[in-house]
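*Asks:* Here's a sequence, model it:
(chains A, B, C, D, E and F, ligands or ions: 9)
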Amino acid sequence: MRETTPQQDLLRGIWRENPVLIQMLGLCPALAVTNTVANSIAMGLATFFVLCGSSVLVSLLKRFIPHEVRISTYILIIASFVTVADMTLEALVPVIHKALGAFIPLIVVNCMILGRQEAFAAKRSVGRSLLDAAGTGVGFIIALLMLGAVREVIGYGTFLGISLFGPSYEPWVVMILPPGGFLTLGFLLLGLNWVRRHREKRATLGEWPEGVRKEEAA
Amino acid sequence: MARASGAVQLAGGVHPPELKALTEAVQIRRMPFPDEIVLPLRQHAGKPAMVIVRKGNRVERGDKIAEADGFVSSPIHASASGTITDISLWPHPDGSYAEAVRIAVEPFSAQAARPRLVPDWRGLSPEQIIQAIQDAGVVGLGGAAFPTHVKLSPPKEKPIDTIVLNGCECEPYLTTDHRTMVEYPERVHLGLRIMMRCIGVTRAIVGIERNKPDAIAAITATVPGDLDVTVQPVTVKYPQGAEKMLIDTLLGRRVPSGKLPMDVGVIVQNVASVATIAEVFESGLPLIERIVTVTGRGVKNPANLIVPVGTKLRDLLNACGGVTEDAYEIVFGGPMMGTAQANLDVPLLKGTTGVVVLTEADCKSKDTHPCIRCGHCLDACPVFLNPQLLGRLAMVARYEEMEANHLMDCMLCGCCSFACPSNIPLSQLFALAKNALRTRQAA
Amino acid sequence: MSFAAVITSALILGGIGLTFGTLIALANRRLFVWEDPRIDGVSELLPGTNCGACGFAGCRAFAEGLIARRAQPAECTVMGSDDVADVADYMEVEAGEVTRRVARLLCAGGCDVAVQQADYLGLQTCAAAAAVASGGKGCTWGCTGLADCRDVCDLDAIYMNEYDLPVVIPDRCTACGDCVEACPVDLFVLMPLDHKLLVQCKSLLEGDEAEALCSVACNACERCVLDAAPGVIEMVNGLAVVDYSKNDLAAPEAIARCPTGAIVWCEGAQFQSKPGLVRSAVS
Amino acid sequence: MGDLLWILVSAMVVNNFTLFYFLGLCPFMGVSARVDTALRMGAANIFVLILTSLCAWFLNTFILPYAPFLRLISFIVVIASLVQIVEMVIKKVSPALFRQMGIYLPLITTNCAILGLAIFQTNRGYGFLQGMAFAVGAGLGLTLALVLMASIRENTELADIPEVAKGTALIFIIAGSLSLAFMGFAGMLSAT
Amino acid sequence: MTPARLLVTASPHLGGADSTPTIMWSVVGSLVPVVAVATYYFGPSALLVIAAASAGGVLTETWFGPKGALRDGSAAITGILLGLTLPAGLPLWMAFVGGVFGIGFGKLVFGGLGQNIFNPALLGRAFLQSAFPVAMTTWPTAAPHWSDLRGDNLAIPLMSPEVVDAMTGATPLGLMKFEQIGTQVSALIMGSVGGSLGETSALVVLGCGAYLAARKHLNWRIPASIFATVAVLSGSLHLLDAARYPGAMFMLFSGGLMLGAIYMATDMVTSPVTNKGCWVFGFGIGFLVVVIRLWGGLAEGVMYGILLMNALVPFINRATQPRVFGTDTKQVVT
Amino acid sequence: MSDAHAGSGKGSPPPPARAEARSLRLLGTLAGGGLVAGLILVFVYEATQPTIRAYKAEVLRQAIYEVLKAPDRYDTLFVYDGRLTLELPDGVDSDDVERVYLGYVEREPVGFAIAAGKPGFQDIIRIIFGYDAATNTILGMKVLESKETPGLGDKIEKDMAFVTQFDGAQPELIGVKRGKGTGDSDEIDMITGATISSRTVIQIINEALERLGPMLETYGEVAKR
Ligand SMILES: Cc1cc2nc3c(=O)[nH]c(=O)nc-3n(C[C@H](O)[C@H](O)[C@H](O)COP(=O)(O)O)c2cc1C
Ligand SMILES: Cc1cc2nc3c(=O)[nH]c(=O)nc-3n(C[C@H](O)[C@H](O)[C@H](O)COP(=O)(O)O)c2cc1C
Ligand SMILES: Cc1cc2nc3c(=O)[nH]c(=O)nc-3n(C[C@H](O)[C@H](O)[C@H](O)COP(=O)(O)O)c2cc1C
Ligand SMILES: Cc1cc2nc3c(=O)[nH]c(=O)nc-3n(C[C@H](O)[C@H](O)[C@H](O)CO)c2cc1C
Ligand code: SF4
Ligand code: SF4
Ligand code: SF4
Ligand code: SF4
Ligand code: FES
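*Replies:* Ligands and ions are numbered 1, 2, ... in the order given. Purely as a prediction, here's the structure:
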């Protein structure tokens, strides 16, 4: 494993290895609860909390966890954190808790969280694991916000509940419905691909000498 | 066991324009000898022949210049008297360069072959007849140029009960077989008689497309009384002449995938090939000339010519008055399966059935569109493949999957490409895929 | 807070943990499949391009090969030497040594020098064109210029120059051999970079016949055979052939009198200058 | 009976787990490249879902009334452990199957669809038979979505997808289209 | 003597008469009468809606599609057919959005013509139906003058149309489903009923379909099997309980079945390539149409039936591969 | 094991973990982990539960107050054994029993609040409604839970014009298309574009009243307090 610097640990998850947009992990909550910005934020924060907490704990305990039961143990740890988050949210912000419905408990099985434990926390120091978890968590929040913003703005004509286009805006119901989730993510990925390819192409062409056949330049 | 009346319709297939009017009524004539003859050693299916002459040797018309290399191979004979000027690489109709013997034809020679002993075939055993056919370098003239003696020696465990004569000539433009049947019906029957005797078969069926009523009449009229020969007109549809389709139509037998006609007790031979067998025993001359249709709107005087094998394309075109201004594509064989030529120096081979000169207007449009999954190609494929799927697989070079989808049963007839409204070069893709697979498997 | 609740929960979870711990321990004993963890370790160090240049089916297979001592780290042509050292270090083995090879094109017959006899229309791939009278190109041994090799090169190491010839960028080429396989006329060979004497022609024609089709063809005049150290170049079937086992003896002088420029002394990429220029520079 | 049918059909097409509830998307993305793997994955999913429904029913009936706050944690531990055992069995019995599922087998263990089933089943107070119908319906629904996706993806492999759409972007757009098409089932078996 | 230039190509050197653009443009041509009937019933609104939908599709194809793709005519078909599935009073901006979505997400992301899985026109409509369910189920009644606009075509983009309840009617299927009111079959056939633009011309559509089938531009097996399935299924249900289930003629001639079966299910790109597959495909559509219409939450099921079967097409193609010559049981006769 | 290749990747491969001796550790870890987790959760549960319960009760209370038009107080009645009762016999789990709530204004019963549900367009719709048995009148209706389409089906809770129609409506209710009704008090105008959802609400009320009908006929003994 190539060694990374702490900054890399933190920044990697935010964009270059964004869990949702690049690694395609934790998709279920990313699509299911992002029909408004508020829901996205709540879900993102809850996940962030669970991810950081369990990363720290797993990293602390890694020495004592036998390999064969590591997954079960990680899940135990994660589930405890999620239950705590679930109950706390329900007590503090019941409205949002209701909106997120079954998806708070489902944080337990967010592949992203387990993935970070397996791939990082189980092998690294506490500090590094926390950085990595924080980075990944922020990346998750960013992705959720992007989805939530697009869906809420088009689907309701509002942002965080504030009307953007006046009362006679025709909401695009589909954006709030399940197809809207898939389509929005597809569209975002399309855009990201486009940007990435654009950059890569320029990089490759830069290395090629003059006189290259025209079609490449296009 | 032939169908009692009327042929079964060929399933699949297409109806290209026939375009035979240019030459179907033109009598066969002999072309004058050219100045130079070029005889590639690779003219037939199987191994190339081995040259047995040297630069500077003088050969006479009919002399053997190359020996068969093994059983599935065929000897080659000088088609004109003259001096061997070179044995070197020469453009070949398949688009490559191949070893060829070049003969400077003697301008003032009568080109009469030296007198030969012509044994009476009636006195020969089947083995001796087959040997004579082999020595004469006879190969199938229907296109594939498969050595005839191989076909005539089926293994014991595969008894043959019927000979099918293929007079369909389903390719557009070509009239070689048509004219042969009209002008030399007796020769066809004689060749057939010799073949039947070789294999010991008593029954033969001649399949002729209905668009050649005069050929049907001529062949029917001359059927010898002592032979069980049926003449069966068949529907006009391409590729009715492909042997598997013809056997299915005439006999209701389907050659299993990957098998040969002999596996269903049949031998298929082209009518011109049969006529050549007869000629061998009539004149004693080996296969050194053949009938070629030179046609298409791009040639000034379309004709059916008797041409020495090895005549260069340039000379042949000149013998037909040359090409027109707008001639653009020259094809050896029919327009559906033939090969386009880039070089006018290529020689005609034993298997060259015709030369079609297309003008710019005749050439198929070349702009392709994306496949719209219309399924026309599936309807057209006479062996019921899925060219649509195969084509898509070919484009991403997934050859193994193509094989799993029966690519090897494709006979490259081109029906799918013809039918495709998007003009996708399906059969070209399949030819490439088959090649790639063959080299991969050889490796 | 009730004491009972604490007890129940502890009992329940403890009980569940115990039950499944037992089950898994049992299953573990009966069903364990062991896999060397170093395979994962090595895989992570490999570049992950799965190019196959090492001769294995992808990076993980190579990792397995490394662990099984069937391969040496340096056989991965994609890694830089630092990376190779990392892997070797991890495995505590020698890195091994592999000379760097690149793909070389044995044809210089671009559309400026080679004759096009006929137009080709149809599938725009080399494989297709080569099967149809060489795509109308006079020389059937030559490059059809439809870039199958470029398209197959995953590392973007090939570009087509203005004469429709593929040019390999040595720094990018990992000698994976994909282009060798893709070229229907077999024009590519993988060669060590220090094989500098190249005959960039495969035409078997000789003399005027050869030159009529392509002005940079090898016309079998044998001058290079004479100019090079004995045995370095031989004439086989109308084509000059370099015997690379004598590569140490090869020198730029061999190309000085070549009338067509078919033979070149190549440092770095091919086709960087017109043939004539190279020759005058040497003589 | 009608009740069971409603639950089954509703979980399968009307409120399809994947296309409507977004459950189990990670394996949906991962193993929907080939139809045969998709089928196998679907079968594995049905199996695990039934197992899950059983576990959930058992826990709900006999254990959780005493400690409701352990619901999530006991669901997940029990299910995860059971599936891990199943995983070991598969690894031993059919290494080929194991390799094809690759890293996704551990992910099935802790897949949203699995836990989602347990939670929905509990929230809706389904009994044993209802739970079974729900599990089978959900499993069939997942399989249907997987197989449809896989056959479409196999098809698009042969198409020249524009570079920007290649990969996951296209998969999501296809999933979105499928989800749009499944809107046709909306309201089915409803109060009319 | 020698030709100025020679051409080499692979065989075959001849080609058939039909080309993809010819087929597409003749389908466009055959849609002219359908559009004309729609205009007769719905006035200039019909033309406006169709034009807006087509503009959305065509412009998207021009901007993002491969160069010159417009010439093959397929984007025009998509636009016109999408327009024909919309209500006459739909705001034009919505029709435009439908065209953009249909071509963009239904076709171009798959690589353009021939590669898409779902029928682009219907995907566009499904999107609109889910995005703007109310506008998409608002069926304007006849206007006092032919030249009046129906509904709120000119609503400002992104803004809600003003729905005037008194001006809206219901489709025969809606009446049947939600109010158990039947409609005369003769009215259905003549087209004097509410509904989307293309629903009102069953007979004309049928005629155009026959023309296209004769020219082999569509596979007649698909409409045939759809009609047969719908007729048999709904016919038998009608026999069982005539009060609950409408008769076969009603099912065949109401809603978008004619247009869907003849123009949309037959889109070659999104229907099976094998003839056997076409039968299966048609059967599936017929079945889904009946199920959705009779038991679903929506009044009309043609669009969803076709889209769902579109998703199955790759699978159907797999399952109905033709049997290769010489691999069947028909064997040697000795 | 888990850190085997992080720290010390070098050297000979670790021995195949035929972990007989480790079994105990496995057990220990899982059981111990479970124990600790359980303990922590109990604490959190105990800490949050009062707030959560209170909130839930408050939500219910508000709903009842809304549909019964602000009664002074209400009783929770259990539907048991074909009648309404304040007390359940011992041994019957109160969670499994359907309840209705009887509201009082100045000690006089004013109506029942009844919660019920049924599948709507997307999923099950749950509502609560107030019903005055004496006058056979609906007092109010409130949707507790629905997943109906936002902007369409969710008008059954958000469109006040629809919701307030129920105040004073007299069952058995009939749904009519907007503008097609006669204005009778048993008619409810359905929402255009959401016929199914609106009809479901009507049906829920009708069916609940039919089911509970005889029990609700008068306020009977339950109210005598
Ligand atoms: C390897 C090979 C072996 C063949 N052996 C026989 C044979 O033993 N008997 C026979 O009748 N034909 C044989 N054929 C010939 C084929 O049946 C067929 O006539 C020949 O390939 C040309 O067919 P075409 O002109 O339809 O392409 C053989 C062909 C090949 C390629
Ligand atoms: C597509 C296709 C079409 C063919 N058409 C004819 C034809 O019209 N006439 C013919 O004699 N042979 C035709 N052949 C060749 C026959 O299949 C068969 O090889 C030939 O009749 C054998 O006779 P031969 O060996 O004497 O040439 C065709 C082959 C193929 C693959
Ligand atoms: C995306 C979408 C969402 C829908 N949501 C609902 C809904 O929530 N409630 C409902 O009753 N109908 C819903 N419908 C159903 C249709 O609008 C249906 O045609 C309508 O209920 C019929 O009512 P109408 O006769 O008033 O037009 C929905 C339809 C679509 C396409
Ligand atoms: C008979 C026929 C029917 C067609 N039907 C449709 C259709 O329903 N929707 C559509 O978008 N395009 C249709 N097209 C056009 C074209 O096939 C379509 O744009 C492709 O799906 C785009 O890849 C049709 C074309 C033909 C020939
Ligand atoms: S070329 Fe092959 S695939 Fe095409 S029609 Fe002929 S046999 Fe079928
Ligand atoms: S005929 Fe051409 S366009 Fe039609 S399905 Fe076949 S390959 Fe595609
Ligand atoms: S394809 Fe050829 S040029 Fe490209 S990396 Fe491989 S060997 Fe080098
Ligand atoms: S080198 Fe070969 S593959 Fe590359 S362009 Fe030339 S012919 Fe094509
Ligand atoms: S987040 Fe649901 S399966 Fe991965």
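*Asks:* from here on, contacts and neighbour counts on C-alpha atoms
*Replies:* OK.
*Asks:* Over to the residue nearest to residue A:124 when sequence neighbours are not counted: give its phi and psi.
*Replies:* Nearest non-adjacent residue to residue A:124, counting by C-alpha to C-alpha, 6 or more residues apart in numbering or on different chains: residue A:59, 6.5 Å away. In this entry, residue A:59 is assigned phi and psi values of phi -70, psi -40 (degrees, to the nearest 10).
*Asks:* can you list the weak-confidence ranges in chain F?
*Replies:* Of all residues in chain F, those with pLDDT under 70 make up the ranges F:1-22, F:218-225.
*Asks:* Okay, strands next: where are they in it?
*Replies:* With DSSP state E as the criterion, chain F has strands at F:73-80, F:83-85, F:99-105, F:108-119, F:124-132, F:137-145, F:174-176, F:187-189.
*Asks:* Which positions within the helix or strand that contains residue E:121 qualify as buried?
*Replies:* Secondary-structure assignment from DSSP states H and E places residue E:121 in helix E:120-131. The neighbour-count criterion (16 or more other C-alpha atoms under 10 Å in any protein chain shown) identifies E:120-131 as the buried residues of helix E:120-131.
*Asks:* mind putting these in TSV, distance to residue F:136 and pLDDT included?
*Replies:* Written out in TSV, the entries for the buried residues of helix E:120-131 read as follows (distance: C-alpha to C-alpha, whole Å; pLDDT from 0 to 100):
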residue	distance to residue F:136	pLDDT
E:120	53	98
E:121	52	98
E:122	49	98
E:123	49	98
E:124	49	98
E:125	46	97
E:126	44	97
E:127	45	98
E:128	43	97
E:129	40	94
E:130	39	93
E:131	41	94
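*Asks:* Which ones, among those, also lie beside ligand 4?
*Replies:* E:120-121 (C-alpha under 6 Å from any ligand atom).
*Asks:* just the buried residues of helix E:120-131 that are near chain A?
*Replies:* Restricting the buried residues of helix E:120-131 to those adjacent to chain A (criterion: C-alpha under 8 Å from any C-alpha of the partner chain) gives E:127, E:130-131.
*Asks:* Output the strands of chain F as CSV; include the columns distance to ligand 7 and mean neighbour count.
*Replies:* Putting the strands of chain F into CSV (distance: least, C-alpha to the nearest ligand atom, whole Å; neighbours: other C-alpha atoms under 10 Å in any protein chain shown) gives the following:
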stretch, distance to ligand 7, mean neighbour count
strand F:73-80, 79, 18
strand F:83-85, 83, 17
strand F:99-105, 75, 22
strand F:108-119, 61, 23
strand F:124-132, 59, 24
strand F:137-145, 61, 22
strand F:174-176, 72, 19
strand F:187-189, 72, 22
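*Asks:* is stretch B:423-443 up against chain D anywhere?
*Replies:* No: no part of stretch B:423-443 sits close enough to chain D to count as contact by C-alpha under 8 Å from any C-alpha; the gap is at least 14.2 Å.
*Asks:* CA atoms only for that stretch, dumped as CSV, please.
*Replies:* Taking only C-alpha atoms (Å, rounded to 0.1, in the frame of the first residue of the first chain), the coordinates of stretch B:423-443 have been written out as CSV:
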residue,chain,number,x,y,z
ASN,B,423,-25.9,-0.9,-45.4
ILE,B,424,-23.8,-2.5,-42.7
PRO,B,425,-21.0,-4.6,-44.2
LEU,B,426,-22.1,-7.6,-42.3
SER,B,427,-20.7,-10.4,-44.5
GLN,B,428,-17.4,-8.5,-44.6
LEU,B,429,-17.3,-8.4,-40.8
PHE,B,430,-18.1,-12.1,-40.8
ALA,B,431,-15.3,-12.9,-43.2
LEU,B,432,-12.9,-11.1,-41.0
ALA,B,433,-14.1,-12.7,-37.9
LYS,B,434,-13.8,-16.2,-39.4
ASN,B,435,-10.3,-15.4,-40.5
ALA,B,436,-9.4,-14.0,-37.1
LEU,B,437,-10.8,-17.1,-35.4
ARG,B,438,-9.0,-19.4,-37.8
THR,B,439,-5.6,-17.7,-37.1
ARG,B,440,-6.4,-17.7,-33.4
GLN,B,441,-7.1,-21.4,-33.4
ALA,B,442,-4.1,-22.1,-35.5
ALA,B,443,-1.9,-20.3,-33.0
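*Asks:* which residue ranges form the strands in the chain?
*Replies:* Went with chain A since none was named. With DSSP E applied, chain A shows strands at A:158-159, A:162-163, listed in chain order.
*Asks:* wrong chain, I was asking about chain E
*Replies:* So, for chain E - with DSSP E - the strands run E:6-8, E:139-140, E:168-169.
*Asks:* can you tell me how far the nearest residue to residue A:10 once chain neighbours are set aside sits from ligand 6?
*Replies:* In space, residue A:10 comes closest to residue A:135 once its chain neighbours are excluded; the distance is 4.5 Å by C-alpha to C-alpha, 6+ apart. As for residue A:135, its distance to ligand 6 is 49 Å (criterion: C-alpha to the nearest ligand atom, to the nearest Å).
*Asks:* Who are the contact partners of residue A:135?
*Replies:* Taking C-alpha atoms under 8 Å, 6 or more residues apart in numbering or on different chains, we find residue A:135 in contact with A:9-14.
*Asks:* One more pass at 10 Å, please.
*Replies:* Under the criterion of C-alpha atoms under 10 Å, 6 or more residues apart in numbering or on different chains, the neighbours of residue A:135 are A:7-15, A:17-19, A:48, A:52, A:129, A:141.
*Asks:* hmm, stretch F:161-178 in reach of chain D?
*Replies:* No: for a cut-off given as C-alpha under 10 Å from any C-alpha of the partner chain, stretch F:161-178 has no contacts with chain D; the smallest distance is 12.3 Å.
*Asks:* Enumerate every residue touching residue 98.
*Replies:* Reading this off chain A. Counting by C-alpha under 10 Å, 6+ apart, residue A:98 makes contact with A:89-90, A:104, F:145.
*Asks:* oops, chain F please
*Replies:* Contact partners of residue F:98, counting by C-alpha under 10 Å, 6+ apart, are F:77-80, F:84, F:114-116.
*Asks:* ok, so of the residues you listed, who is nearest ligand 8?
*Replies:* Lowest distance from ligand 8 to the contacts of residue F:98 (C-alpha to the nearest ligand atom) belongs to residue F:116, with 73.1 Å.
*Asks:* Next up, the contacts around the closest one.
*Replies:* Shown in contact with residue F:116 (C-alpha under 10 Å, 6+ apart): F:98-100, F:125-129, F:143-144, F:201, F:204-205, F:207-209.
*Asks:* at 6 Å what do you get?
*Replies:* Taking C-alpha atoms under 6 Å, 6 or more residues apart in numbering or on different chains as the criterion, residue F:116 is in contact with F:126-127.
*Asks:* For it, give the beta-bridge partners.
*Replies:* residue F:127 (DSSP bridges).
*Asks:* now it: how far from chain C?
*Replies:* When C-alpha to the nearest C-alpha, to the nearest Å is applied, the distance between residue F:116 and chain C equals 33 Å.
*Asks:* What of residue D:141?
*Replies:* As judged by C-alpha to the nearest C-alpha, residue D:141 and chain C stand 30 Å apart.
*Asks:* how about the residue lying closest to that residue once chain neighbours are set aside, what does it touch?
*Replies:* Ranked by C-alpha to C-alpha, 6+ apart and with sequence neighbours excluded, the top spatial neighbour of residue D:141 is residue D:12, at 3.9 Å. The contact partners of residue D:12, taken as C-alpha under 6 Å, 6+ apart, are D:137-138, D:140-141.
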